[in-house]
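In: Any chance you can model this:
(chains A and B)
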Amino acid sequence: MNSATSGLTIARPRTLDEALTMLRDDTLVPIAGATDLYVGLNFGTLAAQRFMDITRLDGLRGITALGDGVRLGAATTYTEMMKSPLVQERLPMLVQAASQVGGVQIQNRGTVGGNIANGSPAGDSLPVLAATDAVLVIRSAGGERRVAFNEFYTGYRASVLKPDELIVAVEIAHVEGAQWFRKVGTRAAQAISKLVMAGVRAPHPRIALGSVAATTVRLTKTEAALAAGASIDEAANVLESEITPIDDIRSTADYRRRVAANLLRRFWADT
Amino acid sequence: MRLTLNGAPADVHAPAGKRLLDVLREECGLTGTKEGCGEGECGACTVLMNGELVVSCLVPFAQAEDATITTIEGLGKDHRLQHHFMNEAGAQCGICTPGMVMVASQLPANATLDEIKVALAGNLCRCTGYEAIYRAIQRAQQEAAS
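Out: Numbering: from 1, shown residues only, chains lettered A, B, ... in the order given. Here you go, the predicted structure:
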């Protein structure tokens, strides 16, 4: 039997330089854990036919200290993040996010770079990257640049990443303040988010929400209100003006609006 | 393409983008691995790849190059879990069973019921309601400990 994926070509570079040259000279879609791409391919909803496997590349994997912060290779899996003592100590909310992505089989394969590049507004790790002001290290054959995660997306599943560029790492500076993460899905395990929130409690709190707009969003107005001493009720009103949830197969806009405000209250009460 | 399959070296010819699941069933004739949903939700097609549990419906065959793959057949025909799944009626239609057993085979010997449930979060059964499956795994652990 020929399945939908039998006709694909998959280039398999051995080094990052080789991969970047391929991306410069050809139109290829990078593939790592394939946990999103192969779902699309299996169901015929993804038209791309030519891929480049990046799981063998040197330097795309691994978690290292970056000052008091953390650097994640883009092909670092959720399981690696969960098991890392460094991530456990410095970014407990990333451990929480990773542990709620699918089951163990998906956690073993899915990568942080893939979550970013896939660009779903429901991506579970993305609010953590938004709330911590993560910086993406992006490389092409022509050189390297750094892009703030909060300036990466330009719209629904659209970003500033060019076709010849590859996300190679994620840098997260030291996070001061209590970290908080909560995912709301249909069931406790293995669900795509109806809503997902990450927050850092500090004099100027940092709060990000997924599944309430075309992209993961930082709630800058809500943060400013809280930092200026607004009550949590006032802040919840600001939040509701700041998000643009929609009705879809997973939830309704009304539900998301109400639960987003509830999550904000919970974050504030818990931290 | 060379890989290690159920403990033995293998040289398998199949398209690079073909799903590992299909290569195992069709090129390799190992039909113990089942397809449930085809979208990484149900865990029926779970195999071990380089010692890690993965859903083979979402693995391009190219990534299995030089890898060590273990399927349900690789656990042998007389595995403790196999007997306890039968004894406890931990299977009904049987589609989810190979995936359940693969995950259970990787649990630490002293796993608590909660840990068993978390480990099996990525494996769906639409027949038995899980209780018999948890019981089978716990019995197998008790037997291993005795």
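In: and the residue of the stretch 1-150 of chain A nearest chain B?
Out: residue A:103 (1.6 Å; Cβ to the nearest Cβ). All C-beta spots, glycine's among them, are computed from the backbone N, C-alpha and C.
In: How about that residue: what's its closest non-neighbour residue?
Out: Nearest residue to residue A:103 in three dimensions, chain neighbours excluded: residue B:122, at 1.6 Å (Cβ to Cβ, 6 or more residues apart in numbering or on different chains).
In: which SS class is residue B:135?
Out: helix (DSSP: H, G, I helix; E, B strand; the rest coil).
In: Check the gap between it and chain A for me.
Out: The gap separating residue B:135 from chain A is 20 Å, by Cβ to the nearest Cβ, to the nearest Å.
In: ok, now residue B:121?
Out: According to Cβ to the nearest Cβ, residue B:121 and chain A sit 3 Å apart.
In: Provide a list of residues in contact with residue 7.
Out: Chain wasn't specified; assuming chain A. A:49, B:15, B:17 (Cβ atoms under 8 Å, 6 or more residues apart in numbering or on different chains).
In: that's the wrong chain, I meant chain B
Out: Residues near residue B:7 by Cβ under 8 Å, 6+ apart: B:70, B:74.
In: give me the element the closest residue in space to residue A:179 that isn't next to it in sequence is part of.
Out: Of all residues not flanking residue A:179 in the chain, residue A:93 sits nearest, at 4.0 Å (Cβ to Cβ, 6+ apart). Under the criterion of DSSP states H and E, residue A:93 resides in helix A:92-99.
In: which other residues reach that helix?
Out: So helix A:92-99 is contacted by A:78-79, A:81-82, A:87-88, A:107, A:124-125, A:127-128, A:131, A:172, A:179-181, A:183, A:196, A:198 (Cβ under 8 Å, 6+ apart).
In: give me every residue that touches the residue in chain B that chain A sits nearest to.
Out: Closest residue of chain B to chain A, Cβ to the nearest Cβ: residue B:122 (1.6 Å). Going by Cβ under 8 Å, 6+ apart, residue B:122 touches A:102, A:103, A:104, A:105, A:106, A:189, A:190, B:41, B:43, B:46, B:55, B:103.
In: Is it possible to mark the buried ones in the residues you listed?
Out: Taking 16 or more other Cβ atoms under 10 Å in any protein chain shown as the criterion, what is buried in the contacts of residue B:122 is A:102, A:103, A:104, A:105, A:106, A:190, B:41, B:43, B:46, B:55, B:103.
In: So which of those residues sit within helices?
Out: Per DSSP state H, helices hold the following members of the buried ones among the contacts of residue B:122: A:104, A:105, A:106, B:103.
In: returning to that earlier point: tell me how far the residue nearest to residue A:103 lies from residue A:90.
Out: With distances taken as Cβ to Cβ, to the nearest Å, residue B:122 is found 27 Å from residue A:90.
In: cool, and residue A:19?
Out: Using Cβ to Cβ, residue A:19 is found at 29 Å from residue A:90.
In: Who has more neighbours out of these two?
Out: More neighbours surround residue A:19 than the other of residue A:19 and residue A:90, with 26 against 20 (other Cβ atoms under 10 Å in any protein chain shown).
In: I'd say that one and residue A:55 touch.
Out: No: the criterion here is Cβ atoms under 8 Å, and residue A:19 misses it with residue A:55 at 10.9 Å.
In: distance of the residue nearest the centre of chain A from residue A:5?
Out: Closest to where the C-alpha atoms of chain A average out (Cα atoms, centre = their mean) is residue A:126, at 2.7 Å. Residue A:126 sits 26 Å away from residue A:5, going by Cβ to Cβ.
In: again with residue A:238
Out: From residue A:238 to residue A:5 the distance is 46 Å (Cβ to Cβ).
In: Which one's more surrounded, the two?
Out: A count of neighbours by other Cβ under 10 Å puts residue A:5 above the other of residue A:238 and residue A:5, at 25 against 19.
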